[in-house]
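Engineer: A structural model of the following input is requested.
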Amino acid sequence: MALAVAGGCYNASTFDGGGSSQMYVGGFYAIPSSDDAAGYDGTVGRRKVGDCFLVNGVLATAAVDTGWRTLPLRSGYVAYDANSIPLIRQVNGSIEFRGIVKPASGNFPTTDAIVADLPPQFRFNGPSKGFTGAGNGGNTRKVSINSDFSVTVFGNSNTPTYITLDEVKYGADTIF
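Structural biologist: Next up, the predicted model:
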């Protein structure tokens with residue numbers, strides 16, 4: 001309480017700040033729960049329990065940026081090099097990717113290849129999302145973010161050695 005008083009507060013309360021703690025601001029989860037359980041609406045990271053502490057005020061910043069986070073790659077896939085590590089972030093209501101992914105050896109197969117999985121805080125409700133990713137030698141492949149939260153590079157007769165994720169961007173369901 002001394003910290004609250006020193007900060008000029010005249011009303012203060014403390015709560016458990018564990019993994020179930022969340023922040024909901026302007027209709028979005030600014031800080032989702034770190035729990036893996038699905039909440040009342042089926043979204044991972046939302047608690048089913050309806051307890052809350054409401055603070056009514058003006059959001060000091062319009063921009064929310066999670067910063068770049070490493071995109072977890074599946075076994076058999078690696079970053080193109082140390083300067084091209086596959087990353088993901090949310091900024092101003094959009095999910096963005098960057099970096100280059102390649103098979104650990106050889107070229108991409110002509111069949112579909114699941115290369116990564118979205119971290120829980122970047123998951124969404126709804127149908128899969130499709131994009132075009134560029135590979136070497138002008139080879140392009142469709143990149144899909146699937147409803148099971150995997151990232152797939154679709155099969156094709158061309159066999160690039162890498163795919164860049166820089167064009168993969170979509171609107172976020174929540175801002176955190």
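Engineer: Do you know the pLDDT at the closest residue in space to residue 112 that isn't next to it in sequence?
Structural biologist: In this structure, residue 112 finds its nearest non-sequential neighbour in residue 155, 4.8 Å apart by C-beta to C-beta, 6 or more residues apart in numbering. C-beta coordinates here come from the backbone N, C-alpha and C atoms, glycine included. Turning to residue 155, the model gives it a pLDDT of 90.
Engineer: Likewise for residue 172?
Structural biologist: Looking at residue 172, its pLDDT reads 71.
Engineer: wait, isn't it in contact with residue 89?
Structural biologist: No - Residue 172 sits out of contact with residue 89 when judged by C-beta atoms under 8 Å, with a separation of 10.3 Å.
Engineer: And the two? Which one has more around it.
Structural biologist: Applying other C-beta atoms under 10 Å to residue 172 and residue 89 shows that residue 172 carries more neighbours, namely 21 against 16.
Engineer: Surely the residue nearest to residue 112 is in contact with residue 142?
Structural biologist: No - because the distance of 9.2 Å does not satisfy C-beta under 8 Å, residue 155 is recorded as not touching residue 142.
Engineer: Going by neighbour count, list what's buried in stretch 124-141.
Structural biologist: When burial is assessed from 16 or more other C-beta atoms under 10 Å, stretch 124-141 yields the following buried residues: 124, 129, 131, 133-136, 139, 141.
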